[in-house]
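Novice: attaching a predicted model along with its sequence, questions to come.
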Amino acid sequence: MPQPNRHHGPRDPWKITLALAACMALQMTSLVMILPLFARRLSDFGAGVDALGLSALAYALAATIAAPFLGSLADRIGRRPLVLGSLAIYALAFTGFLLAGSAELFVVVRGLAGGFTAGLIPAVMGIVADVAPADRRAKYVGVVNGGASIGWVIGPLIGGFLYDRWGYVVPFGMSVGIAALALILAGFTVPETHAAARPLGTPSGASAPRRRVSAYLKPYWASGQLQPLVILLLIAFGVLFAWAFIEPQLMFYAYDELEWTSGQLGLAMSVYGLAVALGEFALGGWSDRFGRKPILILGLVLFTAQFGGLVLSGSFGWIAAGFIVAGLGNALFDPALNALFLDLAPEAHRGEVMGLKSTAGSLGSTLGPGLVVLLTPQLLPRQVFLLALLMVLVLATVAGVTLRPRPASGGR
């Protein structure tokens with residue numbers, strides 16, 4: 001029989017959710033204000049698409065390895081230590097990007113950042129699951145994701161503007177400061193919400209035995225939820241694979257072939273982020289009202305518009321329009337996907353299931369840039385974008401044909 005929740009700290013769900021949204025807005029701002037500048041930074045070292053793809057590969061591979069362990073750790077020692085530790089590592093990593101003196105060192109720093117911050121999203125989503133009513137879970141997820149999406153609106157515009165005027169030092173330095181502010185805000189506003197949280201070094205006893213890899217899937221096999229879990233993991237993998245597959249090519253395509261400035265690339269990313277942010281706040285709860293599956297599929301289909309715009313047009317306006325539609329699609333499918341994962345998970349394994357989701361996504365982020373590095377000599381940029389579009393459409397079709405989710409018993 002499931003035990004009642006015994007949360008630590010304040011229990012006001014909206015207060016906790018809004019605090020998380022604010023922290024994620026700052027963290028994402030600090031990240032994406034420099035993300036479009038990675039290509040510029042590596043170009044200064046004489047490197048190109050291969051180096052940018054390798055850095056993305058290092059980040060994603062490290063996150064793939066670390067995510068399931070850190071997700072499990074969030075169930076053992078609590079959510080708050082993972083949130084604070086990850087935010088601290090981001091601040092250190094951005095400092096490393098600023099101080100790196102070679103492309104090789106840049107790649108190493110990005111890889112370390114991927115491994116040591118892989119627990120952030122599992123911990124954040126674990127907090128949401130701890131405090132949100134089950135019938136409004138997607139709405140709460142949407143608010144937190146909407147906060148992060150605000151960073152996508154603000155960050156690229158700031159980063160591109162600062163780089164075009166003062167070079168890379170100013171935006172990278174500001175990124176470090178904003179990341180530190182996110183850490184300070186989390187330290188004061190984000191409580192521990194997990195009832196089973198215990199300090200590191202506390203004997204685990206019978207309640208948290210050492211688990212084999214197969215044990216991660218055992219609760220879902222026993223409840224008949226393994227098939228929907230595998231499908232959801234495939235979707236989490238495929239969406240991030242598609243984006244990671246085009247990301248290195250997109251940046252150099254925008255600069256070299258479309259002749260965009262850093263400000264234009266930042267603006268394109270910002271309109272995407274604005275669409276996601278507005279969509280998350282306005283539409284994030286749709287899957288609570290209309291069902292997880294139809295909203296997931298609709299979001300995936302709309303998400304392909306960014307790839308379609310890049311395939312069909314070289315016009316900034318049309319590409320930006322595709323990004324806006326794709327952002328709205330992201331705002332629909334992401335809360336639905338996260339809520340589906342949390343619906344499946346027993347209360348004691350919420351951090352773990354989000355760790356599995358992060359692992360699947362990180363694996364996609366690992367293989368995407370790795371594959372594009374191999375295929376760059378053989379494929380034109382628009383062929384890369386077309387392959388990504390087709391992959392997401394296949395995912396939407398698979399979800400429509402095979403996904404039969406149902407809420408897990410014993411969940412909150």
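Specialist: Thanks, I have it.
Novice: in the stretch 201-350 of the chain, what spans have low per-residue confidence?
Specialist: 201-224, 348 (pLDDT under 70).
Novice: let's see it at 90
Specialist: Low-confidence segments of the stretch 201-350 of the chain, defined by pLDDT under 90: 201-230, 240, 243-274, 276-285, 287-289, 291, 313-317, 338-350.
Novice: now the helices for it?
Specialist: Counting by DSSP state H, counting those that start in this stretch, the stretch 201-350 of the chain forms helices over residues 218-222, 226-252, 262-283, 286-290, 292-303, 305-312, 316-344, 350-375, given from the N-terminal end onward.
Novice: take the ones you listed and write them to TSV, including mean neighbour count and distance to A123.
Specialist: Bear in mind the C-beta positions are built from the backbone N, C-alpha and C, glycine included. Conversion of the helices of the stretch 201-350 of the chain to TSV gives the following (neighbours: other Cβ atoms under 10 Å; distance: least, Cβ to Cβ, whole Å):
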stretch	mean neighbour count	distance to A123
helix 218-222	15	20
helix 226-252	22	17
helix 262-283	23	19
helix 286-290	19	22
helix 292-303	23	23
helix 305-312	22	29
helix 316-344	23	13
helix 350-375	24	7
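Novice: looking at these, which is closest to I154?
Specialist: Each of the helices of the stretch 201-350 of the chain has some distance to I154 by Cβ to Cβ; the shortest is helix 262-283, at 7.4 Å.
Novice: okay, the closest one in PDB with CA atoms only?
Specialist: Coordinates of each C-alpha in helix 262-283 appear next as PDB, following Å, rounded to 0.1, in the frame of the first residue of the first chain:
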ATOM      1  CA  SER A 262      25.200  36.500 -34.800                       C
ATOM      2  CA  GLY A 263      22.300  38.800 -34.000                       C
ATOM      3  CA  GLN A 264      20.200  37.200 -36.700                       C
ATOM      4  CA  LEU A 265      20.900  33.700 -35.500                       C
ATOM      5  CA  GLY A 266      20.200  34.800 -32.000                       C
ATOM      6  CA  LEU A 267      16.900  36.400 -33.200                       C
ATOM      7  CA  ALA A 268      15.800  33.200 -34.900                       C
ATOM      8  CA  MET A 269      16.500  31.200 -31.700                       C
ATOM      9  CA  SER A 270      14.700  33.900 -29.700                       C
ATOM     10  CA  VAL A 271      11.500  33.700 -31.700                       C
ATOM     11  CA  TYR A 272      11.500  30.000 -31.300                       C
ATOM     12  CA  GLY A 273      11.900  30.500 -27.500                       C
ATOM     13  CA  LEU A 274       9.200  33.100 -27.400                       C
ATOM     14  CA  ALA A 275       6.800  30.600 -29.200                       C
ATOM     15  CA  VAL A 276       7.700  27.900 -26.700                       C
ATOM     16  CA  ALA A 277       7.400  30.200 -23.700                       C
ATOM     17  CA  LEU A 278       4.000  31.600 -24.700                       C
ATOM     18  CA  GLY A 279       2.800  28.100 -25.700                       C
ATOM     19  CA  GLU A 280       4.000  26.500 -22.500                       C
ATOM     20  CA  PHE A 281       2.100  29.000 -20.400                       C
ATOM     21  CA  ALA A 282      -1.000  29.000 -22.500                       C
ATOM     22  CA  LEU A 283      -1.100  25.400 -23.900                       C
END
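Novice: for F69, helix, strand, or coil?
Specialist: Put simply, F69 is helix when judged by DSSP: H, G, I helix; E, B strand; the rest coil.
Novice: what number of residues lie near it?
Specialist: By other Cβ atoms under 10 Å, 15 other residues sit near F69.
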